[in-house]
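**Q** kindly return the folded structure for what I paste below:
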Amino acid sequence: MMSYHVVIGVEVHAQLRTQSKLFCSCATTFGHSPNSQTCPVCLGMPGSLPVLNQLAIEMAIRVGLALNCTIRADNHFARKNYFYPDLPKGYQISQYEAPICENGWLEVSSHETAKRIRICRAHLEEDAGKNVHQPRATESRVDLNRTGTPLLEIVTEPDLRSAEDVDAYLRSLREILMYLDVCDGNMEQGNLRCEPNISLRATENDPFGTKVELKNINSFRFVRDAIEYEVRRQSKVLSEGGTIQQETRLWDEVQGQTVVMRSKEEAHDYRYFPDPDLLALNLSSEMIDSIRVTLPELPSSRKQRLIQTFQLPEDDAEILISSKALADYFEACVQLFPHPKTVSHWVMGELLRELNTRNISAQDSFMTPAQLIKLLQLVDQGSISLKVAREIFPELYAGGQNPESFVQEQGLSQVSDEGALMRFIQEVLLNHPAQVSQYQGGKETVLGFLVGQVMKASQGKANPGKVNELLKKALSQSS
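**A** Residues are numbered from 1 along each chain as shown. Predicted structure coming up:
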């Protein structure tokens, strides 16, 4: 089969974290009973008029600035006309000729190489409803709760060349949206939807091929799988002398393949025209600048700061900045316990394991930074061993208990008192004269056995470091 050059552009629909819809006051909460969050405006009833959500505008500007876009001072809304059962008005209010954000870029790392992905535009639009297809049912139902939910559609230029590129772009974009607190990034609930457009060409210098749009993808893994399948499918068609049809295809995760949904429409098919019910949106430079100064430290900048300030490995910093809440948790811990590498190991290991098991964010952690640091301080002071700390962590986390009180109540305190340790040591030396002679005769590996016997005699509570130190001293004095 002939090898082709892959060209990919990506459209991402990010649901903005407003409490109400884009043009009405209906709630945007996920999971309510069907059609319970609707009103005459989002249902498109005659005579109802849309009122623009100011917070959605501000969120769109925040995203545009973070993605290095130009924010248009003058932009307006248009009606995108098409018929579908989940679109009660028969049109979708969107932006076409004058998007709120345009001509930006996002730098990502793919195949260990920095790559700049150009952002063509990011525009506001309302979401449609959802068609619900029941297995083996003779009818489909429509839930209009999502109708009117504010979306920001972020469109790249065709700058991506592989599934790995798309994966890196999506992960970077999702991190930014979550750092900005404008989208929760939940793909399973449809709050972040990715639609790759894929085409192939024989050489890098050839014109772009016919593109196919993929829809219905709700995880990073499925995005990669769908793109890789579609590249194989198109390669096979072209290698056999066929032609690629411009169409929209769905990803069937069960079958592991894309299937035709409909022929792909062009912009003129939607008959865009300015929405007569909405005034043009004029944004002042003062408003844009006031939003610019509120932008948080973004993931890429934070990653470099963690590497430089705390001398963390790049891979560790990448994990820590993967969520703003996790990075905040880490830095709160380091302020209390200035040993960043120790803290990062615990946050990325024990803490992240518990968070992932419960599918929650670090900001909802049952264990506060202060509680984690108290546990690490007990290890650092020699009050408990590292082994004990790791063993009790799940119980401490689940119960939200004070580590110091828990250790005392369970009798887990490590014995570091020299007098108490010497009593254990003298007992072991007295009971194992053969091993003592071997050590004193130059067989130093026997020390491990003797340390183990002291630990056993102390029921595991002896401080191993202290035992080693005192045992060597006792053996040298008795030789």
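**Q** count of neighbours near residue 158?
**A** Using other Cβ atoms under 10 Å, residue 158 is surrounded by 17 other residues. C-beta: built from backbone N, CA, C; applies to glycine.
**Q** can you confirm it is in a helix?
**A** No. Per DSSP: H, G, I helix; E, B strand; the rest coil, residue 158 lies outside any helix segment and is coil.
**Q** distance of it relative to residue 102?
**A** For residue 158, the distance to residue 102 equals 16 Å [Cβ to Cβ, to the nearest Å].
**Q** does residue 32 really touch residue 145, like I thought?
**A** Yes. In this structure, residue 32 is within contact of residue 145 by Cβ atoms under 8 Å, at 6.1 Å.
**Q** the more surrounded of those two?
**A** Of the pair residue 32 and residue 145, residue 145 is the one with more neighbours under other Cβ under 10 Å, namely 24 against 12.
**Q** which residues are in contact with the helix ranked longest in the chain?
**A** Using DSSP state H to define each element, the chain has its longest helix at helix 220-239. The contact list for helix 220-239, computed with Cβ atoms under 8 Å, 6 or more residues apart in numbering, reads 1-4, 6, 8, 162-164, 166-167, 170-171, 187, 194, 196, 198-200, 209, 212, 214, 217, 243-244, 249, 251, 253, 256-258.
**Q** next SSE after it?
**A** strand 247-252 (DSSP states H and E).
**Q** strands paired with the helix or strand just after that next one, and their directions?
**A** Later in the chain than strand 247-252, the nearest helix or strand by DSSP H and E is strand 257-263. In the sheet, strand 257-263 lines up against strand 247-252 (antiparallel) (DSSP bridges).
**Q** tell me, how many neighbours does the spatially closest residue to residue 332 that is not a sequence neighbour end up with?
**A** Excluding the flanking residues, the one nearest residue 332 by Cβ to Cβ, 6 or more residues apart in numbering is residue 369, at 4.0 Å. By the criterion of other Cβ under 10 Å, residue 369 has 22 neighbours.
**Q** now swap in the one 10 residues further on and tell me
**A** Here the number of neighbours of residue 379 (other Cβ under 10 Å) works out to 19.
**Q** could you do residue 432 as well?
**A** Counted with other Cβ under 10 Å, residue 432 comes out at 16.
**Q** measure how the helix or strand residue 170 falls within sits relative to helix 220-239, angle-wise.
**A** Using DSSP H and E, residue 170 sits in helix 163-179. Interaxial angle, helix 163-179 versus helix 220-239 (axes from the mean of the first three to the mean of the last three Cα atoms, to 10 degrees): 150 degrees.
**Q** give the pairing partners of the following helix or strand past helix 163-179; include direction for each.
**A** Counting by DSSP H and E, the element after helix 163-179 in chain order, helix or strand, is strand 192-201. For strand 192-201, the pairing partners within the sheet under DSSP bridges are strand 5-15 (antiparallel), strand 212-215 (antiparallel).
**Q** got these as CSV, with distance to residue 52 columns?
**A** What follows is the strands paired with strand 192-201, written out as CSV (distance: least, Cβ to Cβ, whole Å):
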stretch, distance to residue 52
strand 5-15, 17
strand 212-215, 28
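**Q** tally of neighbours for the closest residue to residue 67 other than its chain neighbours?
**A** With sequence-adjacent residues excluded and distances taken as Cβ to Cβ, 6+ apart, residue 67 is closest to residue 104, at 4.1 Å. Residue 104 has 22 neighbours, counted by other Cβ under 10 Å.
**Q** got it, and residue 463?
**A** For residue 463, the count of nearby residues is 21 (other Cβ under 10 Å).
**Q** sketch out the low-pLDDT regions of the stretch 301-450 of the chain for me.
**A** When residues are selected by pLDDT under 70, those of the stretch 301-450 of the chain lie in 412, 414-418, 420.
**Q** let's go with 80 and repeat that
**A** Residues of the stretch 301-450 of the chain that meet the criterion pLDDT under 80 lie in 382, 408-422, 424-425, 428-430, 433-447, 450.
**Q** check the secondary structure at residue 141 for me.
**A** The three-state assignment at residue 141 reads strand, by three-state DSSP.
**Q** list the residues that contact it.
**A** Contacts of residue 141 (Cβ under 8 Å, 6+ apart): 34, 131-132, 134.
**Q** between these, which is nearest residue 176?
**A** residue 131 (30.9 Å; Cβ to Cβ).
**Q** mind putting the strands paired with strand 192-201 in a markdown table, mean neighbour count, mean pLDDT and distance to residue 289 included?
**A** Converted to a markdown table, the strands paired with strand 192-201 look like this (neighbours: other Cβ atoms under 10 Å; pLDDT from 0 to 100; distance: least, Cβ to Cβ, whole Å):
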| stretch | mean neighbour count | mean pLDDT | distance to residue 289 |
| --- | --- | --- | --- |
| strand 5-15 | 21 | 96 | 23 |
| strand 212-215 | 20 | 93 | 37 |
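**Q** and those: which comes nearest residue 297?
**A** Among those, strand 5-15 comes nearest to residue 297, with 20.1 Å by Cβ to Cβ.
**Q** got the end-to-end distance for stretch 123-139?
**A** Using Cα to Cα, to the nearest Å, the end-to-end distance of stretch 123-139 comes to 34 Å.
**Q** count of neighbours near residue 251?
**A** By other Cβ under 10 Å, 23 other residues sit near residue 251.
**Q** does it touch residue 212 like I think?
**A** No. Using Cβ under 8 Å, residue 251 makes no contact with residue 212, being 11.6 Å away.
**Q** what is in contact with the two at once?
**A** If you check residue 251 and residue 212 against Cβ under 8 Å, 6+ apart, the residues they both contact are residue 258.
**Q** other SSEs contacting the longest strand anywhere in the chain?
**A** In the chain, taking DSSP state E as the definition, the longest strand is strand 113-126. Using 3 or more Cβ pairs under 8 Å, 6 or more residues apart in numbering; DSSP states H and E as the contact test, the elements touching strand 113-126 are helix 54-66, strand 91-94, strand 101-110, strand 150-156, helix 163-179.
**Q** redo that, cut-off 10 Å
**A** strand 5-15, helix 54-66, strand 78-81, strand 91-94, strand 101-110, strand 150-156, helix 163-179 (3 or more Cβ pairs under 10 Å, 6 or more residues apart in numbering; DSSP states H and E).
**Q** go through that strand and flag the buried ones.
**A** 115, 117, 119-126 (16 or more other Cβ atoms under 10 Å).
**Q** again with stretch 421-431
**A** Buried residues in stretch 421-431, defined by neighbour count with 16+ other Cβ under 10 Å: 421, 424-425, 428-429.
**Q** farthest pair within the residues you listed?
**A** Top of the distance list for the buried residues of stretch 421-431 (Cβ to Cβ): 421 and 429, 12.4 Å.
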